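>>> sequence and predicted structure are below.
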Amino acid sequence: MGFFNKFFSKEKKETLDNGLERTKQGFFGKLAHAIAGKSKIDDDILDNLEEVFITSDVGVETTLKIIDRIQARVAKDKYVGTADLHNLLCEEITDLLVENDKDEELGDFEVPKSHKPHVIMVVGVNGVGKTTTIGKMAYQFKEAGNKVMLGAADTFRAAAVEQLDVWGERAGVPVIKQKLGADPAAVAYDTLQSAVANDIDVAIIDTAGRLHNKKGLMDELTKIRNVMQKVVPGAPHEVLLVLDGSTGQNAFEQARQFVAATDVNELAITKLDGTAKGGVVIGISDQFKIPVKYIGLGEGIKDLQVFDKREFVESLFGNKQ
């Protein structure tokens, strides 16, 4: 099976495999065409492979890194047949993505014991699955034994507050909210005050997803952060940017804009089960100096996983179809 770690269960592996099925079908179809009639990995294969990766939304910079690694491996091993290509891709892409990794001290959906509550501010444009991701996170954190609270600070859309309410009910966690159009910072303040008073372990704050005015967004998020710190010093401990994986290269652009607007330190990439563009996870994980923390693999409340680079690459490239 490959690289199972102690936190990666058989159920999670099956969810990951199923969620990436469309991406695998698209990639392996292109790959089969790229190596048709060839027995050895040569320059023509490498050129074709470059096109496969770029058209699979891995991104140009990351694609060139992968091709360079494959080329060096072929030169080192002297003769590499096309039959070995799947394993070669799995090994080299995994090495590329994990070479700067640090060992994880926490298991999935555990939180640091050094502070309480652990505060997560979630950002992202409308429609990427931001509120849905928050609901799934809440469920998973609660299942891991944490007391969880949500804050509905996306106060400019009634639908956002209503949707968060629904997810709060599904996850069985309280939602702090105010009237439509209320000051988002006030909602964040109330949420953290309530979290402290109720001995909450994890507080997750939803925020508005407007990108048409980066300065306005930056000012609003800065205000929310400053207000949070009056209640919980050091908050937010995580600023999570949610991206829609099905948008391919547009997800790269959204990441660039939000990173420029605020101090994003983690990413979540959603909707990977309904797209053939799953390669975008590899490119984003490589290009941004910000870790991909979560991946969304379906509509179910359990279909959000902590991103494991080794398992992701193993699932995508390690098994021939």
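Happy to help now that I have it.
>>> residues contacting the nearest residue to residue 282 once chain neighbours are set aside?
Distance criterion CB to CB, 6 or more residues apart in numbering; nearest residue to residue 282, sequence neighbours excluded, is residue 58 at 5.2 Å. No exception for glycine: its C-beta is placed from N, CA and C like everyone else's. Contact partners of residue 58, counting by CB atoms under 8 Å, 6 or more residues apart in numbering, are 66, 279, 280, 282, 283.
>>> report the secondary structure state of residue 58.
The local conformation at residue 58, judged by DSSP: H, G, I helix; E, B strand; the rest coil, is coil.
>>> stretch 37-47 - what's its average pLDDT?
For stretch 37-47, the mean per-residue pLDDT is 87.
>>> got the contact list for it?
So stretch 37-47 is contacted by 34-35, 67, 70-71, 74, 79-85, 88 (CB under 8 Å, 6+ apart).
>>> for stretch 112-119, same thing?
By CB under 8 Å, 6+ apart, the list of residues contacting stretch 112-119 reads 106, 111, 149, 192, 195-196, 199-203, 205, 228, 232, 234-238.
>>> show the buried residues in these.
Among the contacts of stretch 112-119, those buried by neighbour count (16 or more other CB atoms under 10 Å) are 111, 149, 192, 195, 200-203, 205, 228, 232, 235-238.
>>> so residue 70 makes contact with residue 89?
Yes: the criterion here is CB atoms under 8 Å, and residue 70 meets it with residue 89 at 7.4 Å.
>>> ok, back up a step: identify the farthest-apart pair in the contacts of residue 58.
Farthest-apart pair in those is 66 and 280; separation 14.1 Å (CB to CB).
>>> higher neighbour count, these two?
Set residue 66 next to residue 280 and count neighbours by other CB atoms under 10 Å: residue 280 wins out with 28 against 20.
>>> tell me what the closest residue to residue 285 other than its chain neighbours is bridged to.
Excluding its sequence neighbours, the residue lying closest to residue 285 (CB to CB, 6+ apart) is residue 292, at 4.8 Å. Beta-bridge partners for residue 292, by DSSP bridges, are residue 267.
>>> residue 292: how many residues sit nearby?
Neighbourhood size, residue 292 [other CB under 10 Å]: 23.
>>> mind listing what it touches?
So residue 292 contacts 266, 267, 268, 269, 281, 284, 285, 307 (CB under 8 Å, 6+ apart).
>>> report the two of the residues you listed separated the most.
Across the contacts of residue 292 (CB to CB), the longest gap, 13.8 Å, separates 266 and 281.
>>> out of those two, which sits in the busier spot?
Neighbour count, other CB under 10 Å: between residue 266 and residue 281, residue 281 has more, with 27 against 17.
>>> got a list of what the more buried one touches?
Applying CB under 8 Å, 6+ apart, the residues near residue 281 are 245, 269, 272, 292, 295, 307, 312.
>>> run the last query once more with 6 Å
If you count contacts by CB atoms under 6 Å, 6 or more residues apart in numbering, residue 281 has them with residue 269.
>>> over to residue 122?
Contacts of residue 122 (CB under 6 Å, 6+ apart): 130, 134, 206, 240.
>>> also residue 174?
residue 149.
>>> go again using 10 Å as the cut-off
138, 147, 148, 149, 150, 151, 168, 191, 194, 195, 198, 200 (CB atoms under 10 Å, 6 or more residues apart in numbering).
>>> nothing else from me, thank you.
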